[in-house]
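S.K.: I need the structure of the sequence given here:
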Amino acid sequence: MYIGHFAIGLALKARYPEVPALPIVLGAGFLDILDGLFIVVGWDRVTPNLLAGPYLFFDNTFIDWDHSLLAALFWSAIWGALFLRDRRVAALAFVASLSHFVADWAVHNDDLALYPHAETHWGYGLWGKLGTASWVLEGVFAAALAAYAWATSARRGVSLFWPAIVLVVLFLSLSPWLSPMKQVAGLNEPWAHLLQGSLVTLGFLVPATLLIGLVDKAESKAGRRAWLGE
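M.R.: Numbering: from 1, shown residues only. Model (predicted):
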């Protein structure tokens, strides 16, 4: 899943407006930020597969160090611990990070282990079962969460227009037709997995940073209006 993680982050932020955007929005993609880094250093492994739809074009051969249940709990706890100065923020950071594993379960193709090197693997496999339709379904899922975030934030005078535009751009950019992963999968090794891992990390880190800035700006603008009595 891709766009769905950002939508989850925005929805959680809208539900808990008093919590800073960074722990939640960046936290929703934290496991994939790690995943990309772990692929680059060789701890995780991916295999080019041009038939692996709808937009990944790689098989997740081994991603247990960040996408197994035990690893997800561990890294989510680490992420939450970074914000322990405020227990509420820390708890929501943990939830945001762990939501990544929960959301991935629906789409991943039986590559989510119980713990690293476990024989038991999970994943309902919508990517494999539905193909392009799973990309559409993810868009519907993200749109529903974005609509909730929009309506909830609007009641406080906060506009999520620009964050919504970013979601649309991200959704289209990682479509079955525009995904850069297809070109990357055609490269020779080790460049294929090195570039794939780099794109996975940057593909979450950069948009999340942009979304955090846009949400913070919208919150600040709404706060100034409220203070001026507009």
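S.K.: for the helix or strand where residue 36 lies, name the packing helices and strands.
M.R.: If you go by DSSP states H and E, residue 36 is part of helix 30-41. Under the contact criterion of 3 or more C-beta pairs under 8 Å, 6 or more residues apart in numbering; DSSP states H and E, helix 30-41 touches helix 64-67, helix 69-81, helix 87-107, helix 191-228. Where you see a C-beta, it was placed from the backbone N, CA and C, and this is true even at glycine.
S.K.: pull out the buried positions in it.
M.R.: With burial defined by 16 or more other C-beta atoms under 10 Å, the residues of helix 30-41 counted as buried are 30-40.
S.K.: how many neighbours does the residue lying closest to residue 73 once chain neighbours are set aside have?
M.R.: Nearest residue to residue 73 in three dimensions, chain neighbours excluded: residue 98, at 6.8 Å (C-beta to C-beta, 6 or more residues apart in numbering). Around residue 98 there are 22 other residues, counting by other C-beta atoms under 10 Å.
S.K.: OK, contacts around residue 98?
M.R.: By C-beta atoms under 8 Å, 6 or more residues apart in numbering, the contact set of residue 98 is 72-73, 76.
S.K.: put together JSON lines for those residues, with pLDDT on each row.
M.R.: Shown next, in JSON lines, are those (pLDDT from 0 to 100):
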{"residue": "72", "pLDDT": "98"}
{"residue": "73", "pLDDT": "98"}
{"residue": "76", "pLDDT": "98"}
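S.K.: closest one of those residues to residue 205?
M.R.: residue 76 (17.1 Å; C-beta to C-beta).
S.K.: low-confidence regions, this protein specifically.
M.R.: Residue ranges of the chain with pLDDT under 70: 225-226, 228-230.
S.K.: returning to that earlier point: buried ones from the contacts of residue 98, can you make that a ChimeraX selection?
M.R.: Here is the ChimeraX command that selects the buried residues among the contacts of residue 98 (16+ other C-beta under 10 Å):
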select :72,76
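S.K.: which strand or helix spans residue 60?
M.R.: Element membership of residue 60 [criterion: DSSP H and E] is strand 58-62.
S.K.: could you measure residue 73 against residue 182, distance?
M.R.: To residue 182, residue 73 is 33 Å away according to C-beta to C-beta, to the nearest Å.
S.K.: same check, this time on residue 118
M.R.: 31 Å.
S.K.: ok, the two, which is more surrounded?
M.R.: Neighbour totals were compared for residue 118 and residue 182, and residue 182 leads with 18 against 13 (other C-beta under 10 Å).
S.K.: the more buried one against residue 50, yeah?
M.R.: Yes. Using C-beta atoms under 8 Å, residue 182 is in contact with residue 50, at 6.8 Å.
S.K.: TSV for the contacts of residue 98, including distance to residue 65?
M.R.: Converted to TSV, those look like this (distance: C-beta to C-beta, whole Å):
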residue	distance to residue 65
72	10
73	13
76	14
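S.K.: and of the contacts of residue 98, the nearest to residue 134?
M.R.: Nearest member of the contacts of residue 98 to residue 134, counting by C-beta to C-beta, is residue 72, at 21.0 Å.
S.K.: returning to that earlier point: can you list contacts of the strand holding residue 60?
M.R.: In contact with strand 58-62 (C-beta under 8 Å, 6+ apart) are residues 44-49, 52, 67, 108-109, 111, 181, 185, 193, 196.
S.K.: what are the buried residues along that strand?
M.R.: 58-60, 62.
S.K.: ok, now stretch 110-128?
M.R.: 111-113, 122-123, 125-128.
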